[in-house]
Every structure is written in C-alpha cells, then in structure tokens.
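K.L.:
Sequence and computational prediction follow.
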Amino acid sequence: ALITIAVLAGAARGIYTLLLATAVADRWGTTNLGHLNGVLNAPVTALTALAPGAGSLMAELTDSYPATYTLLALLTLAAATTALATHPATTTK
C-alpha cells in the first residue's frame with residue numbers, strides 16, 4: 001500500500017510540474033517563460049515551506065483541526081472561483 005501511495009504521489013507531482021509550465025505558457029505566452037515561472041513559483045515555494053507551522057497555528061486559533069480544515073476548504077473554494085473568473089491573455093501562436 002505504501003509503495004502504491006508513493007508512486008501515485010510521485011505521479012501527481014510530475015503531472016503538477018508539467019501542468020504548471022503549460023498553464024503559464026497558455027495564459028501569458030512563451031516570452032519570458034523562465035521569469036514568469038519564477039514569479040509564479042516563488043510564493044508557492046515560500047508558502048509550502050510555511051504551511052506546516054501555519055496549519056498548527058490556525059488549529060490553535062480555531063481551537064480544532066476540523067474548523068481549520070473547513071476554513072481551508074472555504075479559502076480553496078474562493079481561490080478556485082477567483083481563478084475561474086479571470087480571463088487569460090490572448091496569445092498569438
């Protein structure tokens with residue numbers, strides 16, 4: 001079971017890497033792709049590093065992990081709604 005989970009987690013990470021590069025190119029074009037990827041990945045990397053401590057702090061502030069997960073689910077829903085409401089720049093291919 002652990003090997004299966006590890007393989008699936010690795011596959012998901014690999015798909016995420018490819019999807020991120022494709023999403024940047026589709027949304028903003030291929031000009032300055034490296035710079036755009038860096039700008040997009042810098043906050044993601046920083047937040048990934050801070051997430052464990054922030055999660056524990058949120059659980060302490062809300063007095064429970066279920067309340068924290070509910071808050072995180074609502075924030076995720078808001079972020080997804082915002083992302084869907086934006087319009088990518090039209091690029092010429």
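P.N.:
The structure has been received and is ready for your questions. Numbers count the residues shown, from 1 in each chain.
K.L.:
Output the contacting helices and strands for the helix or strand bottoming out on mean pLDDT in the chain.
P.N.:
Sorted by mean pLDDT, DSSP states H and E, the helices and strands of the chain end with helix 2-28, the least confident at a mean of 88. If you count contacts as 3 or more CB pairs under 8 Å, 6 or more residues apart in numbering; DSSP states H and E, helix 2-28 packs onto helix 33-62. Yep, even glycine has a C-beta here, placed from its N, CA and C like the rest.
K.L.:
Beyond the helix it packs on, next helix or strand please.
P.N.:
helix 65-85 (DSSP states H and E).
K.L.:
chain center to that following helix, what's the gap?
P.N.:
Chain-centre distance of helix 65-85: 12 Å, with CA atoms, centre = their mean, to the nearest Å.
K.L.:
Need the pLDDT of the residue sitting nearest the centre point of the chain.
P.N.:
By CA atoms, centre = their mean, the chain has its centre lying nearest to Val44, at 6.5 Å. pLDDT for Val44: 86.
K.L.:
Equivalent analysis for Leu77, please.
P.N.:
96.
K.L.:
What is the burial count for His87?
P.N.:
Using other CB atoms under 10 Å, His87 has 6 other residues around it.
K.L.:
so how far is Leu20 from it?
P.N.:
19 Å (CB to CB, to the nearest Å).
K.L.:
what's the answer for Leu71, then?
P.N.:
25 Å.
K.L.:
Then Ala42?
P.N.:
Distance from Ala42 to Leu20, by CB to CB: 13 Å.
K.L.:
These two - which one has more neighbours?
P.N.:
Leu20 (14 against 10).
K.L.:
Surely that one touches Leu36?
P.N.:
No: in this structure Leu20 lies outside contact range of Leu36 using CB atoms under 8 Å: 10.7 Å.
K.L.:
coming back round to it: which parts of the least confident helix or strand of the chain are buried?
P.N.:
Judged by neighbour count (16 or more other CB atoms under 10 Å), helix 2-28 contains these buried residues: Val24, Trp28.
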